[in-house]
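Asker: build me a model:
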Amino acid sequence: MDNLKNYSGILIVNKEKGMTSRDVVNKVSKILGIKKIGHTGTLDPMAEGVLVLTIGRATKIGELLTSYEKEYVASVNIGYITDTLDTTGKIIKEKTPCNNIDYNSIINSFKKTYLQEVPIYSAVKVKGKKLYEYAREGINIELPKKEVTIKEIELLESNKKSFKFRCLVSKGTYIRSLIRDMGESINEYFVMSSLIRTKQGNFSIDYAYTLKDIEDNKFKILQISDVLKYPKIVMDDKLFKKISNGVVIDNTYNIDDKVLMMDKNNNLVAIYQNINNKLRIYKMINNN
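Answerer: Sure, this is the predicted structure:
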């Protein structure tokens, strides 16, 4: 319990290639000696970069950290496509690409909102079963489509065989699918060769820690109240008693969405939200 109190918060990890997001959670759990750890925004094993871990009481607010936009730097190989849409998969189609591909034009045409087909090798569930399970069993299934927004996108470098780009995208965007769609738009085959998540919401790779940093105790846990950008109310004894018991209160504070209820020592006690102009409990944080 002491560990849980000491380490409750958010830890930004720079995930390395070859590990699943769950591998990272398990490793950090072992290093810190804490079982209560989760993550937001899964990264494929071949991807690297920002993985946001929630520790201790912060596991209660994971959903508030997943709704943010994400930034990636992706590299692309040209001339073939695989079943997984990345270079770890089996080649299913290939052709000699054109010599005069206008990468800037292609990339700029994808700065938009569109319906993106979810890749078959993903954990999205259809009829109670994960898509990659259908793929492994060789079962054909209609892939769902989701609306995604490519907010920013720019070409970083290119040659006849590959190119690299940076993009800022909405939650739920698959970069593998984006790359496939770019190729299809000009009747070419593009496949993802590397992926780095450089930002998730306000969390940047510049402030992420490697597993070695964490092993060497060279890391910092971010407090929930510092990460969530909601107004704060410092409670007096009377209000503290009400909030601790989850009592609904009048919205005399003009709160639009959510609010952090802090005790006199600046500890986060609860998150409340405005529902029909009454402040009601969203999550009790400091109740154990």
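
Asker: look up how far Gly138 lies from the closest residue to Asn14 other than its chain neighbours.
Answerer: Excluding the flanking residues, the one nearest Asn14 by C-beta to C-beta, 6 or more residues apart in numbering is Ala208, at 3.8 Å. Heads up, the C-betas are built off the backbone N, CA and C, glycines and all. Ala208 is 38 Å from Gly138, where distance means C-beta to C-beta, to the nearest Å.

Asker: give me the more crowded residue out of these two.
Answerer: Of the pair Ala208 and Gly138, Ala208 is the one with more neighbours under other C-beta atoms under 10 Å, namely 22 against 6.

Asker: contact partners for the nearest residue to Asn277 once chain neighbours are set aside?
Answerer: Nearest residue to Asn277, sequence neighbours excluded (C-beta to C-beta, 6+ apart): Asn251, at 4.9 Å. By C-beta atoms under 8 Å, 6 or more residues apart in numbering, the contact set of Asn251 is 274, 277-279.

Asker: swap in Glu188?
Answerer: By C-beta under 8 Å, 6+ apart, the residues touching Glu188 are 78-79, 95, 97-98, 101.

Asker: by neighbours, which of the residues you listed wins?
Answerer: Of all the contacts of Glu188, Ile78 has the most neighbours under the rule other C-beta under 10 Å, reaching 22 neighbours.

Asker: bridging residues for it?
Answerer: For Ile78, the residues forming beta bridges with it (DSSP bridges) are Phe190.

Asker: I'd like the distance between it and Met192.
Answerer: Ile78 sits 11 Å away from Met192, going by C-beta to C-beta.

Asker: same question, Arg57
Answerer: As for Arg57, its distance to Met192 is 36 Å (criterion: C-beta to C-beta).
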